[in-house]
Each structure stands twice: as structure tokens, then as C-alpha cells.
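here is a sequence together with a model predicted from it:
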Amino acid sequence: MNIAIIIAGGKGERMHQDIPKQFINVNDKPVIIYTLEAFQAHPDIDSIFVVCLDGWHEILRAYAKQFNITKLEEIVSGGETGQASIRNGVYAVKEKYSDDDIVIVHDGIRPMVSAEIISDCIAKCKLYGSAVAAIPCVEAVLVTDDKEKSNSVFFDRNKDRNKLMRIQAPQAFHLKKLVWAHEEAKRRNITNSVTSCTLMIELGETVYFSAGSEKNIKLTTVEDIEIFKALLATKKDDWLK
């Protein structure tokens, strides 16, 4: 079985809107529904769990019914951090599914995730036991303390920028591995790892990459919403390979 956990527990404070960004309407449809439709339509996804902000559960259920998201199985409350929200979702899945089932963790605010990205994530996880959507890093990356200035390059001069990868979602692991990671994190007092893959690496594990995409954007700012609208309106030219 392949179970998707969609993380939609954030308040979206960087978006500076009156409602959480995952519930902002774009072309008369909430962002979270675009994301859920991608997993609903994928033939290899058996069930969907959503980790959702408290106070929005019933609204999400109503939207899911309206847009025919029939694979939605359970809505779980978010935690104080992203790590805690993922843990809540993993523990909810643990109550109903088996250790060897695959869990695909995805951001509710990545609505452009494609069927190809989901398929490759599942395939790589079956092959290697982990899969993290990723794309090459083509920009130079500087380190800053105040977002105004820098005197430090992120990577060592002896290392090649081609060795850097930008991490996205989805990220897939076997259920037993995710449960182990969150139990081990509690034991080691790791409380705010950014994603499932960073948690795995903090715990000394190796993760494998799966296909990502520049179009698989995370909607964090108002500008991202504008890019999302543009992508929705864009059709790939037939002659492009």
C-alpha cells in the first residue's frame, strides 16, 4: 500500500493573508485541493492522510467532498513544528497500516506535483528504501545572518557546486523507517528538523534522490501564487522534448 501524508498544518504567516495559504483560492479552487487532486488521480496512491491546522478540519472535509477527493481517509491535527506535524501524520498512519507500506510525505502547498514525480518517488523508495524529490542546484548559495549581507559561500571551495541538490517534496520511506526516525528523534532530543530527509540525515541515514521539477514549486509568498497561476495557464509546446 502507498499512503500519502499531506502536510497542511502551517499558518502561512509569510504570505501575510487573512487565511492560511493552503486554503487560498486560485481560480476558484483552494490550493490544498490542487495538491489533493494530484494524489487522488494517481493510480498507485491508495489512501490520503492530511495533517491540518486546527479549526480548518471541517472546512477541508467539505472541500474534499465538493471536489470528490474520495481517497481522503483521515485529517490529523498539526504540531508545534513541521517535524511534529509529520510525526502526527506518521503515527496516525501507523494505527492503520503495516510496517512495509510506503508513506509519501508531501507539502500541501506544492500543488504542481506531477504524476511523474509521484511515480518516481514511489519507484525509488521501493528500490532503495527512501526517495526524496530533488533538482540540481544551479545558483550560487551564500550564507547570511541578517539577509542583508554575506561573506561566506555555503559550500567549501574544494567542493563542486554540481554536488549540491535542492530538496523538494514528496519524500517517501517505508512506514517502519519513519516511525523509527521519529522515535529516535525524541530519544536524541531532535525537535525541529526541516523535513523527513533532513531528519534521516541527522540520524546518520543515507537518502536517495528521485525526480523533482522546477515547476514543483512551494507556495510561500504572494509572488509564488502569481507563478502558480502562470503555470496553470501554461501548456507545454508540442515540439518540446
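That came in fine, so what should we check first? None of these values were measured; they are calculated from a predicted model.

where along this structure do the helices fall?
31-41, 57-66, 82-94, 115-128, 175-188, 196-202, 222-233 (DSSP state H).

which stretches of this protein have low pLDDT?
Along the chain, the parts satisfying pLDDT under 70 run over 12-17, 156-159, 235-241.

so where's the longest strand in it?
If each strand of the chain is counted by residues according to DSSP state E, the longest one is strand 165-174.

list the contacts for residue 100?
For residue 100, the contact set (CB atoms under 8 Å, 6 or more residues apart in numbering) comprises 174-176. Backbone N, C-alpha and C define where each C-beta goes, glycine included.

cutoff 6 Å now
residue 174 (CB atoms under 6 Å, 6 or more residues apart in numbering).

quick check: it vs residue 129, distance?
Noted for residue 100: a distance of 10 Å to residue 129, by CB to CB, to the nearest Å.

same thing with residue 40?
Distance from residue 40 to residue 129, counting by CB to CB: 26 Å.

quick one: strands adjacent to the longest strand of the chain?
Partners of strand 165-174 in the sheet, by DSSP bridges, are strand 102-107 (antiparallel), strand 130-136 (antiparallel).

coming back round to it: can you redo the helices of the chain as CSV with mean neighbour count and distance to residue 142?
CSV is the format used below for the helices of the chain (neighbours: other CB atoms under 10 Å; distance: least, CB to CB, whole Å):
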stretch, mean neighbour count, distance to residue 142
helix 31-41, 22, 30
helix 57-66, 15, 39
helix 82-94, 21, 24
helix 115-128, 18, 29
helix 175-188, 17, 30
helix 196-202, 21, 20
helix 222-233, 14, 21
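
could you export these as CSV, including distance to residue 72?
Below are the helices of the chain laid out as CSV (distance: least, CB to CB, whole Å):
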stretch, distance to residue 72
helix 31-41, 7
helix 57-66, 5
helix 82-94, 13
helix 115-128, 16
helix 175-188, 19
helix 196-202, 21
helix 222-233, 22
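
looking at these, which is closest to residue 214?
Among the helices of the chain, the nearest to residue 214 by CB to CB is helix 222-233 (9.9 Å).

could you give the angle of the closest one to helix 31-41?
In terms of direction (axes from the mean of the first three to the mean of the last three CA atoms, to 10 degrees), helix 222-233 departs from helix 31-41 by 40 degrees.

output helix 222-233 in CSV with nothing but the alpha carbons.
Taking Å, rounded to 0.1, in the frame of the first residue of the first chain, the C-alpha atoms of helix 222-233 are listed here in CSV:
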residue,chain,number,x,y,z
VAL,A,222,2.4,36.2,-2.9
GLU,A,223,4.8,36.1,-5.8
ASP,A,224,4.7,32.3,-5.7
ILE,A,225,0.9,32.4,-6.1
GLU,A,226,1.4,34.6,-9.2
ILE,A,227,3.9,32.0,-10.6
PHE,A,228,1.4,29.2,-9.8
LYS,A,229,-1.3,31.0,-11.7
ALA,A,230,1.0,31.4,-14.7
LEU,A,231,2.0,27.7,-14.6
LEU,A,232,-1.7,26.7,-14.6
ALA,A,233,-2.2,28.7,-17.7
